[in-house]
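[1] using only what follows, build the 3D model:
(one chain, ligands or ions: 1)
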Amino acid sequence: MGGFQELIWPDTATRLNQTEAACRYKESMKGVFPTAVLVLAPALLAWSDDTHTIVQKGRSFRPGEVTIRQGETLVFTNEDSFIHQIYSNGLFDTEEKGPGENISETFSRAGTFEVRCHIHPKMRLVVHVR
Ligand SMILES: [Cu+2]
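    From the prediction side, this is the model:
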């Protein structure tokens, strides 16, 4: 029996086991980062000041006028029991959203914009972007 092999093999085996363990660890961690991002992103979005909530309730936008900075986002929350959508000429024209659903729109240009709803023509929001 060669003493050489006895000396080498245990060490090699240990190293192989360590590599395998590292691979398994990497594999097991694969889903953790994206999951953390998915869980944290909405929370961070809600906490940051560059998001403002506009409620769609009683066939009106509340508030009806808002001032934001360039690059900030308005999140429209439908708190009515029927559908709404939003549009602003030249900027966006969204799908209809049901009760409890949200629409996010980011305003990247400075100016004053009118946001309306095709379904309820009396709904009007004035957005000042500085
Ligand atoms: Cu509407």
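[2] can you list the domains in the protein?
    Here the domain parsing of the chain from automatic domain parsing is 3-43, 49-129.
[3] ok, the longest one near the ion or not?
    Yes - under the criterion of C-beta under 5 Å from the ion, domain 49-129 makes contact with the ion via His84, Cys117, Ile119, His120. Every C-beta, even on glycine, is put in place using the N, C-alpha and C of the backbone.
[4] which of these are buried?
    Taking 16 or more other C-beta atoms under 10 Å as the criterion, what is buried in the residues of domain 49-129 next to the ion is His84, Cys117, His120.
[5] just the ones of the residues you listed in helices?
    Among those, DSSP state H puts none in helices.
[6] coming back round to it: quick one: the residues of domain 49-129 next to the ion as CSV, columns for distance to Asp93 and pLDDT too.
    Below are the residues of domain 49-129 next to the ion laid out as CSV (distance: C-beta to C-beta, whole Å; pLDDT from 0 to 100):
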residue, distance to Asp93, pLDDT
His84, 13, 98
Cys117, 11, 98
Ile119, 12, 98
His120, 15, 98
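[7] and those residues, which is closest to Phe61?
    Cys117 (8.2 Å; C-beta to C-beta).
[8] test my guess that the closest one contacts Gln56.
    Yes - counting by C-beta atoms under 8 Å, Cys117 touches Gln56, with 7.4 Å between them.
[9] nice, that's everything, thank you.
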